[in-house]
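K.L.:
here are the coordinates; sequence isn't available:
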Ligand code: AMP
């Protein structure tokens, strides 16, 4: 299997604006932002989507969410709030098969999503 698009960003093979990384996760600016602040955080392990995660991934997924909140704080979203989104599969709007959590903020977001 070839690398996923996000593995290529992690490896530095494609350019991106890195916001944060540690041993387990990588966060970068979304190339097509849907809000004034739109960051993606991904596990460095290329789990295709949340539906394919297993109990082995429990601590990694917890770490991902904790770091998403940390990054939201880092970029100044904590005061007014923000949204974390994980799209899964066709109806969920998933387009890149490497699990990622969207961090969206900088404006009031409507609900329900379209
Ligand atoms: P999803 O539709 O939930 O699978 O989200 C995939 C996201 O990846 C979209 O918001 C895209 O704009 C974003 N994206 C695709 N290619 C890149 C890239 N090279 N750098 C940053 N974000 C990207």
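P.N.:
Received the coordinates, thanks. Here the structure is a predicted model, which means the values were calculated and not measured.

K.L.:
what about residue 42, which SS state?
P.N.:
Following DSSP: H, G, I helix; E, B strand; the rest coil, the label given to residue 42 is strand.

K.L.:
okay, now it: neighbour count?
P.N.:
Residue 42 has 23 neighbouring residues, counting by other Cβ atoms under 10 Å. Quick note: C-beta positions are derived from backbone N, CA and C, even for glycine.

K.L.:
what do you get for residue 71?
P.N.:
For residue 71, using other Cβ under 10 Å, the count is 20.

K.L.:
contacting residues for it?
P.N.:
Going by Cβ atoms under 8 Å, 6 or more residues apart in numbering, residue 71 touches 19-20, 27, 39, 41, 103.

K.L.:
Turn the residues you listed into TSV, columns for distance to the ligand and neighbour count.
P.N.:
Shown next, in TSV, are these (distance: Cβ to the nearest ligand atom, whole Å; neighbours: other Cβ atoms under 10 Å):
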residue	distance to the ligand	neighbour count
19	11	17
20	14	16
27	11	25
39	9	26
41	11	24
103	11	25
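
K.L.:
Need those residues in TSV (columns: secondary structure, distance to residue 97 and pLDDT).
P.N.:
Listed next are these as TSV, based on DSSP: H, G, I helix; E, B strand; the rest coil; distance: Cβ to Cβ, whole Å; pLDDT from 0 to 100:
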residue	secondary structure	distance to residue 97	pLDDT
19	strand	22	98
20	strand	22	98
27	strand	18	98
39	strand	19	99
41	strand	16	99
103	strand	20	99
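
K.L.:
Including distance to residue 89, could these go into CSV?
P.N.:
Formatted as CSV, these follow (distance: Cβ to Cβ, whole Å):
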residue, distance to residue 89
19, 26
20, 27
27, 23
39, 22
41, 19
103, 21
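
K.L.:
wait, which of the residues you listed is closest to residue 4?
P.N.:
Residue 4 lies nearest to residue 41 out of the contacts of residue 71, by Cβ to Cβ, at 14.7 Å.
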